[in-house]
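All I have is the shape, not the residue letters:
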């Protein structure tokens, strides 16, 4: 099975500043999908952004962007202009092209300091 | 669309009792997933269905766990008998398509199960 590693259990950022959350994964497949999910205290899992491995261009969704380095198997999430509402647990996830399930990392807890 | 609906939101039960968690996927989604989330193990896939058929149940911990999907709009996860180590948040998620797609899951709000 693929493994997804988030090496930062906790991160903090000042409001309005930028923070980057790290994610690496291990796979032998050449085509796959990568995702970042946000889980606020409400417990709801919310899709933040996704990246198709065959696309070289990094995905962007408003203040959220990724740095996808396929050769390095790295998929970091950058949050710009951090807001208090960004405080949450963030999960990186891998989806295989040959299966329907996701593989999740262990999560990074983000604190936003006012 | 109301999203993926799970019930109950919280469940507290005594050890040995039967627990049934319920899920209504998004209309039109044909894949349904049950996950368990704990601090120690993170998010674990328990089972997933495609077109109401169980495809992979290798994540189901043991025979005490069972899941059904009698139709496209309803699924249950049952634990009988429950044990304290089953305490966790159980998520249901749904998705469209069996073949790999760029679409992510849509998760329900989860059921927090506490077995005392």
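Alright, I've got the coordinates. In this text, all values refer to a predicted model and were calculated from it rather than measured experimentally. Residues are numbered from 1 along each chain as shown, chains lettered A, B, ... in the order given.

how much space between residue B:49 and chain A?
According to C-beta to the nearest C-beta, to the nearest Å, residue B:49 and chain A sit 10 Å apart. Where C-beta positions appear, they are placed from N, C-alpha and C, glycine not excepted.

Spell out which residues of chain A are next to chain B.
A:33, A:35, A:37, A:42-47, A:50, A:52, A:91, A:93, A:95-102, A:104-107 (C-beta under 8 Å from any C-beta of the partner chain).

any low-confidence regions in chain A?
Scanning chain A for pLDDT under 70 picks out the ranges A:1, A:99-100.

residue ranges of the helices in it, please?
Applying DSSP state H to chain A gives no helices.

Tell me the spatial nearest neighbour of whichever residue of chain A sits closest to chain B, not counting adjacent residues.
The nearest approach of chain A to chain B comes at residue A:45, 3.7 Å away (C-beta to the nearest C-beta). The shortest distance from residue A:45 to any non-neighbouring residue, by C-beta to C-beta, 6 or more residues apart in numbering or on different chains, is to residue B:107 (3.7 Å).

and that neighbour, how many neighbours?
Residue B:107 has 23 neighbouring residues, counting by other C-beta atoms under 10 Å in any protein chain shown.

re earlier: if any of the residues of chain A next to chain B are buried, put those into a PyMOL selection.
Buried members of these, defined by 16 or more other C-beta atoms under 10 Å in any protein chain shown, are picked up in PyMOL with:
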select buried, chain A and resi 33+35+37+43+44+45+47+50+52+91+93+95+96+97+99+100+101+102+104+105+106+107
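
what's near enough to touch the nearest residue to residue B:61 once chain neighbours are set aside?
The shortest distance from residue B:61 to any non-neighbouring residue, by C-beta to C-beta, 6+ apart, is to residue B:46 (7.6 Å). The contact partners of residue B:46, by C-beta atoms under 8 Å, 6 or more residues apart in numbering or on different chains, come to B:34, B:35, B:36, B:57, B:59, B:60, B:61, B:65, B:67, B:77, B:90.

Quick check: beta-bridge partners of the last one?
Here residue B:90 sits in beta bridges with residue B:36, residue B:111, going by DSSP bridges.

Does it touch residue B:113 like I think?
Yes - between residue B:90 and residue B:113 there is a contact at 6.1 Å, judged by C-beta atoms under 8 Å.

Now do the shared contacts for those two.
Common neighbours of residue B:90 and residue B:113, counting by C-beta under 8 Å, 6+ apart, are residue B:21.

Chain A: strands as residue ranges?
A:3-5, A:10-14, A:19-21, A:24-26, A:33-39, A:46-52, A:60-61, A:64-69, A:74-79, A:88-95, A:102-104, A:108-113 (DSSP state E).

and the residue positioned nearest the centre of chain B, what pLDDT?
Centroid-nearest residue in chain B: residue B:34, 2.9 Å away (criterion: C-alpha atoms, centre = their mean). Per-residue pLDDT puts residue B:34 at 96.

how close does whichever residue of chain B sits closest to chain A get to residue B:6?
At 3.7 Å from chain A, residue B:107 is the closest residue in chain B, using C-beta to the nearest C-beta. Counting by C-beta to C-beta, to the nearest Å, the gap from residue B:107 to residue B:6 is 9 Å.

Quickly list what's touching both of these two.
B:91, B:92.

Could I get the contacting residues of the residue of chain B closest to chain A?
Neighbours of residue B:107 in contact, by C-beta under 8 Å, 6+ apart: A:37, A:44, A:45, A:46, B:4, B:91, B:92, B:93.
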